[in-house]
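[1] Sequence first, then the predicted structure, then my questions.
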Amino acid sequence: MNRSDTITRRLYQIAGPIILANLATPLLGMVDTAVIGQLGEPQLLGALALGAMIFNLVFWGFGFLRMGTTALVAQAKGRADPAAIRDHLSRSLLLAVVLGLFLCLLQQPIASLIFSTTGASSGVEGAAATYYQIRIWGAPLHLMLLAMMGYLLGQQASRYVLVLQLILNITNIILDLVFVVLLEWSVEGVAVATLIAEAVTLIAGFWILGRHFKFFKGPFNPAQIFALEAVTALFRVNRDIMIRTLCLIFAFAWFTDQGARLGDLSLAANLILMQFVTFSAFFIDGFAIASESIMGEAHGKRDRRAADDIIRAAFINGGLLAFALSIGFLFLSPWMMWLLTNSPEVIDEATRFSLWMVATPLISFAAYIYDGLFIGATKTSEMRTAMMVSLLVYLAAWWLTQSLENHGLWLALMIYYVARAVSLGYYQRRLFDFKDHDVKTTEKLR
């Protein structure tokens, strides 16, 4: 087996469990949508969409806890530095607790700010506020899970990520059925189910760390973990990832909010279609995250040939997967929509715009693959710049297509995906740039 085949095989070995794990996430969103959709009230579907948008905004902004941890752990793994690996996770978990408690303390100002900028009806906003007030208490749990999964992915132990994701989503789905279907708690039941599922999964995650990675054995060195230089360097590594992620969140929050301004029916229809978009994104992201881990290891080893093979394998296999998803959506989405809602008017509205959803995997996959490659290489300033440029292109496209209403909104989203891929492609040569300051930065993080 030649070098390129070896890289491809490793990509699939890591990506396989990630894809299976990621499948559970959009399926959970579909179950959340389905149990609320069966109540037959478009306003409740709109509230669920708005609530999901809020927590995308609140939680995804801290996605660097997963991505930064994966990249730094993978690079330390490439350097064969177990002490650095342990320190990275310790810092990330502590940072997750601090940030999570910060969100809980500021929950009311955050809610006031978010709801003051939405254009949804009062009925939708009222139900979404109830959802928010329950789920926000899970912020420390959610952020710690991000750090934990980042560590496991950096260690290329994706099978344990699958285990945790299954625990999270199976627990959540069961509680959805109990709280919403049996007890008729509506959106409150969905929020409580998520909160309890995160607590159960975090406990399972700590057991895995102790049992399989011996994380709790041996002395901890607080002076090393809390060293000012190391903490400062950690923030530098994550800063650009956070800016990039906030731009991404804003783009999708803008999409949801503009759909809400077109009316409750458009908001509900877009929610249905976005379940498929999310499904494809998480599916393709399996290859992106696997590339992230392997690229990080290659950078730790300073292996240019491996980096080149990783890029090639990620794009070939990600593109094939995107094509398969688009074909599947074309033929299966009409039937699957009826599983998500029993409202004929929502189905009819969603069908009008379904071709945008079918095209999304083919148009978006390059952006996701590039994200994984750049994160693994810790080329975060390039990611930040590319995302900011892409966001400006997206907003300009939306402004120019407002007369097309919801079709214009979807067209702007497609242009956004293309802009992300093109702008990151401009920086691709830097994926092979193993600068000395990259090594010095990671050494400071030990």
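    Received, thanks.
[2] so where's this protein uncertain?
    Scanning the chain for pLDDT under 70 picks out 1-3, 24-30, 37-43, 56-57, 117-123, 218-219, 230, 233, 434-446.
[3] mind listing the strands for it?
    Assigned strands in the chain: none (criterion: DSSP state E).
[4] quick one: A421 and Y370 touch, right?
    Yes: because the distance of 6.2 Å satisfies CB atoms under 8 Å, A421 is recorded as touching Y370. The way it works is simple: take the backbone N, C-alpha and C, and place the C-beta from them, glycine included.
[5] Pick out whichever of these two has more residues nearby.
    Under the criterion of other CB atoms under 10 Å, the comparison of A421 against Y370 puts Y370 first, with 28 against 20.
[6] what's around the closest residue to the more buried one other than its chain neighbours, how many residues?
    Sequence neighbours aside, L424 is the residue nearest to Y370 in space, at 3.9 Å (criterion: CB to CB, 6 or more residues apart in numbering). Number of residues near L424 (other CB under 10 Å) recorded here: 26.
[7] Distance check, L424 against F220.
    Distance from L424 to F220, counting by CB to CB, to the nearest Å: 38 Å.
[8] what sits against the closest residue to Y416 other than its chain neighbours?
    In this structure, Y416 finds its nearest non-sequential neighbour in Y394, 3.7 Å apart by CB to CB, 6+ apart. For Y394, the contact set (CB atoms under 8 Å, 6 or more residues apart in numbering) comprises A251, W254, A412, L413, I415, Y416, A419.
[9] A386 too?
    Per CB under 8 Å, 6+ apart, neighbours of A386: R420, S423, L424, Y426, Y427.
[10] residue contacts, the second one?
    Right, S423. T385, A386, M387, V389, S390.
[11] what do you get for the last one?
    Contacts of Y427 were listed using CB under 8 Å, 6+ apart, and they are F374, K379, E382, A386.
[12] same thing but 7 Å
    Going by CB atoms under 7 Å, 6 or more residues apart in numbering, Y427 touches K379, E382, A386.
[13] still on that earlier bit, filter the contacts of S423 down to the buried ones.
    Those of the contacts of S423 that meet the buried threshold are T385, A386, M387, V389, S390, by 16 or more other CB atoms under 10 Å.
[14] Quickly name whichever of these is closest to H142.
    M387 (22.6 Å; CB to CB).
[15] What is the burial count for the residue nearest to I289 when sequence neighbours are not counted?
    Distance criterion CB to CB, 6+ apart; nearest residue to I289, sequence neighbours excluded, is I18 at 5.2 Å. Neighbourhood size, I18 [other CB under 10 Å]: 26.
[16] coming back round to it: dump the contacts of Y427 into JSON lines; add distance to E184 as well.
    Below are those laid out as JSON lines (distance: CB to CB, whole Å):
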{"residue": "K379", "distance to E184": "50"}
{"residue": "E382", "distance to E184": "50"}
{"residue": "A386", "distance to E184": "46"}
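[17] mind listing which of these are in helices?
    If you go by DSSP state H, the contacts of Y427 have E382, A386 in helices.
[18] about what we covered before: okay, the contacts of A386 in CSV with distance to L246 next?
    What follows is the contacts of A386, written out as CSV (distance: CB to CB, whole Å):
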residue, distance to L246
R420, 15
S423, 17
L424, 17
Y426, 21
Y427, 20
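[19] out of the residues you listed, who's nearest Q165?
    R420 (25.4 Å).
[20] tell me the contacts of G63?
    Per CB under 7 Å, 6+ apart, neighbours of G63: L146, T245.
[21] now it: how far from A49?
    Using CB to CB, we find G63 at a distance of 20 Å from A49.
[22] now R91
    Per CB to CB, R91 is found 35 Å from A49.
[23] Between the two, which is the more surrounded one?
    In this view R91 and A49 are compared by other CB under 10 Å, and A49 has more residues nearby, 25 against 22.
[24] circling back to that earlier point, quick check: the farthest pair among the buried ones among the contacts of S423?
    It's T385 and S390 that sit farthest apart of the buried ones among the contacts of S423, by CB to CB, at 9.6 Å.
[25] got the residue ranges for the helices in the stretch 51-200 of the chain?
    Assigned helices in the stretch 51-200 of the chain, in chain order: 64-78, 82-105, 107-115, 122-135, 139-154, 158-176, 187-212 (criterion: DSSP state H, counting those that start in this stretch).
[26] Please work out which of those is packed deepest.
    Each of those was scored by mean neighbour count; the highest is helix 64-78, a mean of 28, by mean count of other CB atoms under 10 Å.
[27] That one packs against which elements?
    Applying 3 or more CB pairs under 7 Å, 6 or more residues apart in numbering; DSSP states H and E, one finds that helix 64-78 contacts helix 82-105, helix 139-154, helix 228-261, helix 264-301, helix 354-376, helix 436-444.
[28] okay if I get the ones you listed as a markdown table plus distance to G408?
    Shown next, in a markdown table, are the helices and strands packed on helix 64-78 (distance: least, CB to CB, whole Å):
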| stretch | distance to G408 |
| --- | --- |
| helix 82-105 | 34 |
| helix 139-154 | 34 |
| helix 228-261 | 9 |
| helix 264-301 | 12 |
| helix 354-376 | 11 |
| helix 436-444 | 42 |
